[in-house]
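Engineer: sequence below, structure please.
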Amino acid sequence: MKKVSPVVWGIAIVALGVIFGGNALGWFDFNVFFDGWWTLFIIVPSVISLITEKEKLSSLGFLAAGVVLLLAAQNVFSYDVAWKVILAIFLVVAGIMIIVKAVFHNKNEKEIEKKVKELKDEKNMDSQMAIFSGNDRVYGDEVFSGSNLMAIFGGVDLDLRKAKFTKDTVIKAFCLFGGIDIKVPEDVQVKINSGFIFGGISDERKSDSGKGKYTIYLDAAGGFGGVSISDKVKKD
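Structural biologist: Residues are numbered from 1 along each chain as shown. This is a model prediction of the structure:
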């Protein structure tokens, strides 16, 4: 799926270029700036996310909100009604996500919670924070002993591919309207426990990776954001 997403975005951008170009050359007359045209910035990304992402429920919620705003802009009903409907949509979606997590909980959840309690208070855990900014941390030939990551309207990039591991470690990750990118060695296992509202975790590691001696216990949470995990090798 990760290859599909750029393709879909590329098609959408090409289509937009054809529409603007065709209008300018008089090939056709398509009114791009109709009432509520700005809702396309909500609707189109939501449709693309529905096609490309594994987690569909939050994308469906944003799509529904975009459609409601478009209908309000078209005077089908008032904006007062629209905002109340949107609030109802988000409450229903958030409730469903909480129920699904409670009923179909991650099989690693109890193990990870136990490990987090054991390891999170270690004094040598790093902290990386990005608020309305970016924060990159690249480990060289260093021992990794755990990390607290936070991204709020920003991004954190933690690169552990060259780090040394001497024991199991914990990564606590929280993102709100932001993103966290974690790159791990191929010979380290990663066990994940997540709790997101309108967001989630994207695991882009190879199918045969993560069979090593040590384990990273990733405890991630947040909203309107996400955490990605990969083991891609840098190309110099």
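Engineer: what segments of this structure are helices?
Structural biologist: Assigned by DSSP state H, the chain shows helices spanning 4-25, 40-52, 57-73, 79-103, 109-119.
Engineer: so which of these is the most packed in?
Structural biologist: The highest average neighbour count among the helices of the chain, using mean count of other Cβ atoms under 10 Å, belongs to helix 57-73 at a mean of 20. Any C-beta I mention is one placed from the backbone N, CA and C, and that applies to glycine too.
Engineer: how much does it deviate in direction from helix 40-52?
Structural biologist: 150 degrees (axes from the mean of the first three to the mean of the last three Cα atoms, to 10 degrees).
Engineer: so what does helix 57-73 touch, helix or strand wise?
Structural biologist: Where contact means 3 or more Cβ pairs under 8 Å, 6 or more residues apart in numbering; DSSP states H and E, helix 57-73 is packed against helix 40-52, helix 79-103.
Engineer: other SSEs contacting the longest one?
Structural biologist: Yep, that's helix 79-103 we're talking about. By 3+ Cβ pairs under 8 Å, 6+ apart, helix 79-103 packs against helix 57-73, strand 189-197.
Engineer: quick one: contacts for the closest residue in space to residue 146 that isn't next to it in sequence?
Structural biologist: Spatial nearest neighbour of residue 146, excluding adjacent residues (Cβ to Cβ, 6 or more residues apart in numbering): residue 125 at 4.0 Å. When contacts are counted by Cβ atoms under 8 Å, 6 or more residues apart in numbering, residue 125 touches 145, 146, 147, 148, 170.
Engineer: repeat that for residue 230.
Structural biologist: So residue 230 contacts 181, 182, 183, 184, 204, 205 (Cβ under 8 Å, 6+ apart).
Engineer: so the third one touches residue 158, yeah?
Structural biologist: It stands for residue 183. Yes. Residue 183 is within contact range of residue 158, at 7.1 Å (criterion: Cβ atoms under 8 Å).
Engineer: lowest average pLDDT across the helices and strands packed on helix 79-103?
Structural biologist: Note on these: lowest mean pLDDT is at strand 189-197, with a mean of 79.
Engineer: ok, that one: who's next to it in the sheet?
Structural biologist: Using DSSP bridges, the strands paired with strand 189-197 in its sheet are strand 215-223 (parallel).
Engineer: okay, angle between the strand it pairs with and helix 79-103 too, please.
Structural biologist: Using the same axes, to 10 degrees: strand 215-223 against helix 79-103 is 160 degrees.
Engineer: can you pull the domain assignment for the protein?
Structural biologist: Split into domains by automatic domain parsing, the chain comes to 4-103, 109-230.
Engineer: tell me the pLDDT at the residue of the chain most remote from its centre?
Structural biologist: If you look at how far each residue of the chain sits from its centre, by Cα atoms, centre = their mean, the farthest one is residue 26, at 40.6 Å. On the pLDDT scale, residue 26 is placed at 74.
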